[in-house]
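> Please work out how this folds:
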Amino acid sequence: MALAFPPALSDTIVALSTPPGAGAIAVLRLSGPEAIALADAVFAGKQLRDQPGHTLHYGTIRDDNRILDEVVVSLFRGPHSYTREDVVEISCHGSDYIVQELLLLFTRRGARLAEAGEFTKRAFLHGAFDLAQAEAVADLIAADSQLSHQVAMQQMRGGFSRELKDLRGRLVQFAALLELELDFGEEDVEFADRTGLVALLQEVQALVRRLLRSFELGNVIKNGVTTVIAGRPNAGKSTLLNALLNEERAIVSAVAGTTRDLIEDEVSLDGIRFRFVDTAGLRETTDVVESIGVERTMKRVQQAALVVYLFDITSTTPTLLEEEIQALQLPAQVPVLAVGNKLDTASDQELDAFRTRPDTVLIAASRGDGLDELQEALLLRVRGEGLDRLGSSTVVTNLRHARSLEAATLALNAVLTGLATGAGTELLAADLRHALAALGEITGEISSDDLLTSIFTQFCIGK
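Numbers count the residues shown, from 1 in each chain. This is a model prediction of the structure:
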């Protein structure tokens, strides 16, 4: 059945699809029933209405007798286009003035400026892809590492959606049998094999739980790892930050308390984005400004995804190190990696005290010694075994998807509990409907206008 669109979605829309600002070229995109006619009316070249789709045409754009620019027009006829509508893309010179003149020209002739994400929203509404794939388009645009690109591509090509649709399809068969039992309630018959339903629910539940477990890894891939470098003054935190970034980002001084504010920067390690935060040295101080820095450090430590506790090997004992880490009062889920600095000046006895300590790496930040081992340890804390299976497994990166999977898990648990306690068919069917609805929300098989608006307004205007 064809979708009935609100009047706004039957308009012809136009927007700049390349980043704003001066550049070699800019691309304007038109989509809708009048896209080709609007372009034809101002394009001096071939008659676009007579040309086949997926073709390029050189000519000029004219506003009456005034030539606005020499352009190349890309013609895509629906349904073989991104939005499944007629689409015209105009490649012009990347002048802000030219872009604004072209947008004004098309809006005067009847086009409407596109809303954020409206091209992708139309593609979704026309069945080009489901909602999870549409969200992956935004993730692909925002991808800034090899892994985030890989995961977004996998989801955009439908890997996650296929897995969900398979789960949902198998549940729908049993749900239909339960609904049929309700229709024959007075006859006390069972069409749905309860034993088979339990086995299926347990299998589906295991898959949903696996997807939920992958969200921790997926969140790291998508958003990066906030890694706080903490420690006492003069442990070498700023030196370590500079070494990791391979640039002089933080001021290094022998004077204790030099770093009084948070200094942050990002670096990609083996495809994972780490956001390192250099912090004020942790100590009791009467200096008002430094004490504010220490307070900010403690707050940021509590918010970290990973803490690197840097200590001076030459002035720290294993017992003192344990006390200092305990004083951080880290949440249980935040891993901490102890990093001993200044191994180049430490004695063999001082080094031996920490060489066998687990979760400890020894470095000389000023010379770069041990940085490879430190990077490997950071990656191990973050990825565990998850990335080794990334090529063949679905990874959940979207918080909305994770919440829907959590809702599905609760509903599936309710069905299993109902089966174990002999609950009536009405209760089983209701809980199973909740599970199906939660899974359907991910792909957009069940969606609301508010949900769609929330998702697509996060896109850039021209997408």
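> So, low pLDDT: which residues of the stretch 51-200 of the chain?
177, 179-194 (pLDDT under 70).
> Mind naming the longest strand for this structure?
strand 66-76 (DSSP state E).
> now it, how far from the centre of its chain.
35 Å (C-alpha atoms, centre = their mean, to the nearest Å).
> same check, this time on stretch 266-277
That offset, for stretch 266-277, works out to 15 Å (C-alpha atoms, centre = their mean).
> Pull out the buried positions in the longest strand of the chain.
68, 69, 71, 73, 74, 75, 76 (16 or more other C-beta atoms under 10 Å). Using the backbone N, CA and C atoms, a C-beta is placed for each residue, glycine as well.
> Turn those residues into TSV, columns for distance to residue 348.
Output for the buried residues of strand 66-76, formatted as TSV (distance: C-beta to C-beta, whole Å):
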residue	distance to residue 348
68	76
69	73
71	72
73	74
74	69
75	74
76	71
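> between the residues you listed, which is nearest residue 229?
residue 74 (48.8 Å; C-beta to C-beta).
> Leaving out the residues flanking it, which one is nearest to the closest one?
residue 89 (4.2 Å; C-beta to C-beta, 6 or more residues apart in numbering).
> what about the one you found, distance to residue 328?
Per C-beta to C-beta, to the nearest Å, residue 89 is found 54 Å from residue 328.
> same thing with residue 136?
For residue 136 relative to residue 328 (C-beta to C-beta), the value is 37 Å.
> Compare those two (neighbour count), which wins?
When residue 136 and residue 328 are compared for neighbours, residue 136 comes out ahead with 26 against 19, by other C-beta atoms under 10 Å.
> Tell me which stretches of the stretch 1-150 of the chain form strands.
Using DSSP state E, counting those that start in this stretch, the strands assigned to the stretch 1-150 of the chain run over residues 13-16, 23-31, 43-44, 55-63, 66-76, 87-94, 112-113.
> Identify each buried residue in the second one, please.
Neighbour counts using 16+ other C-beta under 10 Å place 26, 27, 28, 29, 30, 31 of strand 23-31 among the buried residues.
> Tell me where the model's unsure across the stretch 201-350 of the chain.
In the stretch 201-350 of the chain, residues with pLDDT under 70: 247-262, 280-295, 297-298.
> Show me where it has its helices.
Shown for the stretch 201-350 of the chain, the helices assigned by DSSP state H, counting those that start in this stretch span residues 237-245, 288-303, 318-327, 348-355.
> and residue 452, how many neighbours?
17.
> got the contact list for the closest residue to it other than its chain neighbours?
Of all residues not flanking residue 452 in the chain, residue 121 sits nearest, at 6.6 Å (C-beta to C-beta, 6+ apart). The contact partners of residue 121, taken as C-beta atoms under 8 Å, 6 or more residues apart in numbering, are 134, 452, 456.
> same question, residue 355
residue 362 are the contacts of residue 355 under C-beta under 8 Å, 6+ apart.
> Got the phi and psi for residue 440?
For residue 440, the backbone dihedrals (degrees, to the nearest 10) come out as phi -70, psi -30.
> That one and residue 433: what is the separation?
Distance from residue 440 to residue 433, by C-beta to C-beta: 10 Å.
> Quick check on the two: which one has the bigger neighbour count.
residue 440 (20 against 16).
> What is the burial count for the residue nearest to residue 74?
21.
> Am I right that residue 459 sits in a strand?
No - read with DSSP: H, G, I helix; E, B strand; the rest coil, residue 459 is coil and lies in no strand.
> residue contacts, it?
Counted by C-beta under 8 Å, 6+ apart, residue 459 has contacts 116, 117, 120, 137, 138.
> In this structure residue 54 contacts residue 80, no?
Yes - using C-beta atoms under 8 Å, residue 54 is in contact with residue 80, at 7.1 Å.
> would a markdown table of the contacts of residue 121 with distance to residue 303 be doable?
Listed next are these as a markdown table, based on distance: C-beta to C-beta, whole Å:
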| residue | distance to residue 303 |
| --- | --- |
| 134 | 31 |
| 452 | 32 |
| 456 | 30 |
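> quick one, what contacts the residue nearest the centre of the chain?
What sits nearest the mean C-alpha location of the chain, by C-alpha atoms, centre = their mean, is residue 222, with 4.0 Å. By C-beta under 8 Å, 6+ apart, the residues touching residue 222 are 139, 148, 151, 397, 398.
> again, only using 10 Å
Going by C-beta atoms under 10 Å, 6 or more residues apart in numbering, residue 222 touches 139, 142-145, 147-148, 151-152, 215, 273, 395-399.
> Also residue 156?
By C-beta under 10 Å, 6+ apart, the neighbours of residue 156 are 129, 132, 133, 134, 135, 136, 137, 138, 139, 140.
> hmm, try it at 6 Å
133, 136, 137, 140 (C-beta atoms under 6 Å, 6 or more residues apart in numbering).
> ok, the closest residue to it other than its chain neighbours to residue 147 distance?
Spatial nearest neighbour of residue 156, chain neighbours left out: residue 136 (3.8 Å); criterion: C-beta to C-beta, 6+ apart. Residue 136 sits 14 Å away from residue 147, going by C-beta to C-beta.
> who does the residue nearest to residue 74 bridge with?
residue 29, residue 74 (DSSP bridges).
> Now, the contacts of residue 121 that are in helices?
Judged by DSSP state H, the subset of the contacts of residue 121 located in helices is 134, 452, 456.
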